[in-house]
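quick one: sequence and predicted model below, then my questions.
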Amino acid sequence: MQSATKTSWVVPALLCVSAVTLARVYAIWARPTDLFVDEAQYWLWGQELAFGYYSKPPMIGWIIRIFTGLGPTDPFWVRLPAPLFHGATALLLAWVAKLIWDARTAFWAAITYITLPLVAVGSFLISTDTIMFPFLVLALGSYLKTHEATGFAWPLLAGVSLGIAALSKYAALYYIGCAVLVLLCVPSWRLRWPQIAMIFSAFLVAFSPNVLWNMANGFSTAEHTLDNVDWVRDPGERANFDIASLAEFVGSQFIVFGPVLFALLLWLAASGVLRRTAPVQNALLLLSIPILLVVCTQSILSEAYANWAVAAYLAGTLLVAAWLMDHPRLRIVSLCINGTFSLVLIFATLTADSLSLDGERKVMARYLGMNAMSEAIFAASNGLPILASNRDILANLFFLKGNDHQVYAIPSRGRAKHHYQLSFAYSGGDASVAVVRRSHSTLPCPADILLEITPTSGHYRGQSFTVYRAPGTCFDP
């Protein structure tokens, strides 16, 4: 009977998570939209397997390569890992919740996670956060199992999982700092020094290929990360004190995590400071709130995108799901809000090519029109090598070009500004090339106009581009 109780969460959670996941898989299969610039770039990374890339560590490229190897190269297979990885993360969170609490909490932790707005959005596009999540949760669960078992298996799995999470996105490294805080502040969660050494050693081994790649490639990914943080390169000139930016970031988190859940997380954090709380709550707060504080600080000094703190919401989901077990009405309210958002997003995906709130701009315009633009450029180039500097244009051209077209990035003066300039810069040698530029820009040499285009819908709506025929020597490096 006890064994049944231990696993009683598995079937209900598996059925619910699978139902939501299959609905999302069907939506991205039934109405495939164009790949966004980041997604197309991740796909390209998968075609040239390496231990690192211009702006991100390598795991997302590897995963896309595996999935696109199962089917044709189209947006569905590129995005398929997204709902599957989120489904796996939901079940892993349920497992961790069962390790800490009970089967009932485990079930609701899975349901809470799979309906989060950040998960709903992340299930319809491929991102590094999505790839990082299951490995980060596996690292947390393995850390907890290390308390219960002797031997090497669980601490080694914890370290390797954290290393793979960091190979997916550097935000996983937040967990190292958070773990130090947990070890210092929560005695019941402390491990023995040999166990800590095993975890950290396994992490270093798993993560080292990307470190070595960065060392061999001018620390390209690290440099891009510093570009994103911005102010660290010149704090005196670039650092600001922008309360409005902080307010915007914090406000966005009510959408990312859900209004009820984010408000509850803030309240639990405040109550944890003001009064003594249980060790489990303290540990989970230390695995979530410091991440939010770091990104809030970044938002004040420069800017922070809404997804930069999502690593906080893994431990955060466990924390709020457990608290809501004693508050079923509030749990239902939260589930209704987040669940409605998830359903609306499925509907929006299924009607991506027609749904509009104002009768003009499509709700999913960000994911429409890129393929049409690329096809127009290919037709206008008439077989000439195609050069562009715009990363959005290049991303889709590379995704669609196949073996029929040559596509290059216009070389950059100084450090490469994106992956295409780093790996696919034009090296010269052609008598004529087709050059894609925004219509208001000028070329450094005489050129003939092959195409002028101003899309009226989709991602490039209202933007004007011109395709020129120009001498190849004009862009020789």
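Great, that's in hand.

tell me where the stretch 101-250 of the chain has helices.
In the stretch 101-250 of the chain, the helices defined using DSSP state H, counting those that start in this stretch lie at 103-114, 117-122, 128-148, 153-168, 174-185, 193-216, 220-229, 235-238, 243-256.

quick one, the longest one and helix 128-148 angle?
Right, helix 193-216. Taking axes from the mean of the first three to the mean of the last three CA atoms, to 10 degrees, helix 193-216 and helix 128-148 form an angle of 160 degrees between their directions.

next one: helix 193-216 to chain centre, how far?
Using CA atoms, centre = their mean, to the nearest Å, we find the averaged C-alpha position of helix 193-216 to lie 22 Å away from the chain's own average C-alpha position.

and what of stretch 95-109?
In terms of CA atoms, centre = their mean, the gap separating the centre of stretch 95-109 from the centre of its chain is 26 Å.

pull the CA atoms of it into CSV?
Coordinates of each C-alpha in stretch 95-109 appear next as CSV, following Å, rounded to 0.1, in the frame of the first residue of the first chain:
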residue,chain,number,x,y,z
TRP,A,95,9.3,13.7,-8.9
VAL,A,96,11.2,16.4,-7.0
ALA,A,97,8.0,17.5,-5.2
LYS,A,98,7.4,13.8,-4.2
LEU,A,99,10.9,13.7,-2.8
ILE,A,100,10.1,16.7,-0.6
TRP,A,101,6.4,16.3,0.2
ASP,A,102,3.8,13.8,-1.0
ALA,A,103,2.1,12.4,-4.1
ARG,A,104,-0.7,14.9,-4.1
THR,A,105,1.7,17.8,-4.1
ALA,A,106,3.7,16.1,-6.9
PHE,A,107,0.6,15.9,-9.1
TRP,A,108,-0.2,19.6,-8.6
ALA,A,109,3.4,20.7,-9.1
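
pLDDT averaged over it, what's the number?
Stretch 95-109 shows a mean pLDDT of 95 in the predicted model.

buried ones in that stretch, by neighbour count?
By neighbour count on 16 or more other CB atoms under 10 Å, the buried set for stretch 95-109 is 95-98, 100-101, 103, 105-109. Every C-beta, even on glycine, is put in place using the N, C-alpha and C of the backbone.

repeat for stretch 326-340
Within stretch 326-340, the residues that qualify as buried are 331, 334-335, 337-339, counting by 16+ other CB under 10 Å.

residue 137: which of these is nearest?
The shortest approach to residue 137 among the buried residues of stretch 326-340 belongs to residue 338, at 18.8 Å (CB to CB).

I figured the closest one was touching residue 114, is that so?
No - in this structure, residue 338 sits apart from residue 114 without contact. The criterion is CB atoms under 8 Å, and the distance is 9.4 Å.

quick revisit: pipe the buried residues of stretch 326-340 into TSV and attach pLDDT, secondary structure and distance to residue 421 per row.
Compiled in TSV, those are given as follows (pLDDT from 0 to 100; DSSP: H, G, I helix; E, B strand; the rest coil; distance: CB to CB, whole Å):
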residue	pLDDT	secondary structure	distance to residue 421
331	96	helix	49
334	96	helix	45
335	96	helix	46
337	97	helix	43
338	96	helix	40
339	95	helix	43
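
turn these into CSV, columns for distance to residue 134.
Listed next are the buried residues of stretch 326-340 as CSV, based on distance: CB to CB, whole Å:
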residue, distance to residue 134
331, 24
334, 23
335, 22
337, 25
338, 20
339, 22
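
so where's the stretch 301-450 of the chain shaky on pLDDT?
Within the stretch 301-450 of the chain, the segments meeting pLDDT under 70 span 359.

how far away is residue 195 from residue 148?
Residue 195 sits 12 Å away from residue 148 when distances are taken as CB to CB, to the nearest Å.

those two - which one has more neighbours?
Neighbour count, other CB atoms under 10 Å: between residue 195 and residue 148, residue 195 has more, with 18 against 8.

who's in contact with that one?
If you count contacts by CB atoms under 8 Å, 6 or more residues apart in numbering, residue 195 has them with 146, 155.

do that again at 10 Å, thanks
In this structure, residue 195 makes contact with 143, 146-147, 150, 152, 154-155, 158, judged by CB atoms under 10 Å, 6 or more residues apart in numbering.

now, which of these sits nearest residue 310?
Closest approach between the contacts of residue 195 and residue 310, by CB to CB: residue 143, at 19.8 Å.

ok, that closest one to residue 416 distance?
38 Å.

neighbour count for the two, which is higher?
The neighbour comparison of residue 143 against residue 416 (other CB under 10 Å) goes to residue 143, with 26 against 19.

list phi and psi for residue 9.
Main-chain dihedrals, residue 9, degrees, to the nearest 10: phi -80, psi -20.

residue 300: what's it in contact with?
Contacts of residue 300 (CB under 10 Å, 6+ apart): 231, 239-247, 249.

how does it look with 8 Å?
Applying CB under 8 Å, 6+ apart, we find residue 300 in contact with 240-243, 245-246.

secondary structure element for it?
Residue 300 belongs to helix 289-301 when assigned by DSSP states H and E.

and if you look at residue 449?
Using DSSP H and E, residue 449 falls within strand 448-453.

beyond that strand, next helix or strand please.
Next element after strand 448-453 (DSSP H and E): strand 465-471.
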